[in-house]
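Novice: I need the structure of the sequence given here:
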Amino acid sequence: MTPDLEGARVLVTGASGFIGSHLVRRLLDERAQVYALVRKSPVLGRFKEKKEKIIPIQVDLRDFLKVKKVIREIEPHKVFHLAAYVDVSRSFDMIEEVIDINVKGTINLLKALEGIDYDSFINTGSSEEYGDNPAPFREDQAPNPVSPYSASKASTTLFCRMLYKSMGLPIVTLRPFPTYGPGQESNMLIPELIRSIMQDRALKMTSGEQTRDFIYVEDVIEGYIKASVCSKARGEIINIGSGREYKIKDVANLIVRLMSASITPEMGALPYRPGEAWHFYCDNSKAKAILGWEPRVELEEGLQRTIDWHKERAA
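Specialist: Model (predicted):
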C-alpha cells in the first residue's frame with residue numbers, strides 16, 4: 001500500500017484506455033477514491049468486477065466550462081492525465097483534432113485546476129517526442145517530432161514545464177515507451193501478432209530489423225504511482241522504458257515460439273515506413289535515480305502473460 005494514495009481523491013483521464021484501465025485498478029487496490037474521466041459513454045466495460053467502486057464522469061476535455069465544473073465538484077488531490085488522441089501517421093488529416101484534444105485539452109484541464117489544492121499532476125508524454133534523435137533517448141535531448149501526434153505531445157510537455165517553472169505547478173511528465181500487456185486490443189504489433197496466430201492467419205510485417213523498447217504495462221503503472229508521490233519528480237520529464245532495444249523480428253519470433261505456432265508472420269511483406277526509426281530505446285537512469293523505479297518484468301514473462309490473457313479471453 002502507498003500511504004499517500006489511501007483515501008485520496010484521484011482523477012484519471014483516459015481511464016477506459018489500455019494503460020488508464022490498468023492504472024485505475026491499481027489505484028483501487030491502493031484504496032484511492034477514483035474518479036474516471038471518459039470522453040464517451042461512462043460505461044466502463046474494462047472494470048466489470050470493480051465498476052461499483054469507480055465514479056465515472058463523462059466529459060470532453062475540449063469543453064472548458066464542463067471540465068471546470070467537474071474539477072470544482074471533485075477537488076482532486078492527484079490527477080493522472082492519460083487522455084489523448086493517438087495516431088502516429090504522418091498525415092495532416094487529423095491535425096486539428098490532435099491539437100484540440102492533446103494540447104488544448106491538457107491546458108483546459110490545468111486551467112480548471114487553478115485554485116485547487118492538488119499535489120501532483122502526472123502528464124503523459126510520449127516516446128514519440130524523440131522522433132529521429134539518436135538512441136538511447138535521454139530526457140535532456142531536444143524534442144524532434146516526426147508526426148502531428150508527436151508534435152502535439154512535445155508541445156504539451158513544453159507547456160507543462162513552463163507552468164512548473166513560472167507558476168510552480170506540481171507537474172511531472174512521464175514518457176512511456178511502447179507498452180504491452182493484458183487488455184491491449186489495438187492493432188499494435190504484439191496484440192495483433194498474437195491474434196493472427198490464434199486465428200491461423202499470417203501477419204504481414206516488415207523485415208523487422210528496426211528496434212523498439214518494449215515495457216510491460218505493470219511496470220509502467222508502477223512508474224505512475226511512484227511519480228505521484230515523489231516530490232523530487234516535480235518539474236521533471238522522465239522516461240519509463242526497459243532501457244533495452246529489441247529487434248521487431250526477434251520479438252515476433254519469440255511470440256511464435258511461446259505459442260508453439262504452426263503459422264509464422266510474413267516478414268518482408270511490407271515496406272518500412274518513410275523515415276523509419278532504426279534504433280528506438282531509452283536511457284531509464286533518471287527514473288531509477290529520482291523515482292527509485294526499475295522494470296521488473298522481463299520480455300519473455302510479459303509476453304507469456306499477454307498470450308495467456310488473449311487465450312483466456314477467446315475461450
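
Novice: Dump stretch 22-29 to PDB, keeping only the CA atoms.
Specialist: The C-alpha coordinates for stretch 22-29 follow below in PDB (Å, rounded to 0.1, in the frame of the first residue of the first chain):
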ATOM      1  CA  HIS A  22      -4.600  -0.700 -15.500                       C
ATOM      2  CA  LEU A  23      -3.900   2.400 -13.600                       C
ATOM      3  CA  VAL A  24      -7.400   2.600 -12.300                       C
ATOM      4  CA  ARG A  25      -7.300  -1.000 -11.000                       C
ATOM      5  CA  ARG A  26      -4.000  -0.300  -9.200                       C
ATOM      6  CA  LEU A  27      -5.400   2.900  -7.600                       C
ATOM      7  CA  LEU A  28      -8.400   1.000  -6.400                       C
ATOM      8  CA  ASP A  29      -6.000  -1.600  -4.900                       C
END
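
Novice: what about it, average pLDDT?
Specialist: Averaging pLDDT along stretch 22-29 gives 96.

Novice: Count the neighbours of S207 for me.
Specialist: If you count neighbours by other CB atoms under 10 Å, S207 ends up with 14. Placement of C-beta: from N, CA and C, glycine included.

Novice: What of L113?
Specialist: 20.

Novice: what do you get for the one 3 residues further on?
Specialist: When neighbours are counted by other CB under 10 Å, I116 registers 13.

Novice: Find me whatever residue is spatially closest to it, sequence neighbours aside.
Specialist: Distances taken as CB to CB, 6 or more residues apart in numbering put E75 closest to I116, at 5.7 Å, once the chain neighbours are dropped.

Novice: who's in contact with the one you found?
Specialist: Going by CB atoms under 8 Å, 6 or more residues apart in numbering, E75 touches 9, 116-117.

Novice: and if you look at E129?
Specialist: Contacts of E129 (CB under 8 Å, 6+ apart): 143-145, 150, 153-154, 157, 175.

Novice: Now, of these, which are buried?
Specialist: 143, 145, 150, 153-154, 157, 175 (16 or more other CB atoms under 10 Å).

Novice: Between which two of these is the distance greatest?
Specialist: Greatest spatial distance among the buried ones among the contacts of E129 (CB to CB): P145 and R175, at 12.5 Å.

Novice: Would you mind writing the CA trace of the strand or helix carrying Y224 as CSV?
Specialist: In this structure, Y224 sits in helix 217-228 according to DSSP states H and E. Written as CSV, here are the backbone C-alpha positions of helix 217-228 (Å, rounded to 0.1, in the frame of the first residue of the first chain):
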residue,chain,number,x,y,z
VAL,A,217,2.2,-2.4,-18.5
GLU,A,218,2.5,-3.3,-14.8
ASP,A,219,6.0,-1.7,-14.8
VAL,A,220,4.6,1.5,-16.5
ILE,A,221,1.9,1.7,-13.8
GLU,A,222,4.5,1.4,-11.1
GLY,A,223,6.2,4.4,-12.7
TYR,A,224,2.9,6.5,-12.5
ILE,A,225,2.3,5.5,-8.8
LYS,A,226,5.9,6.4,-7.8
ALA,A,227,5.8,9.7,-9.7
SER,A,228,2.6,10.8,-8.0
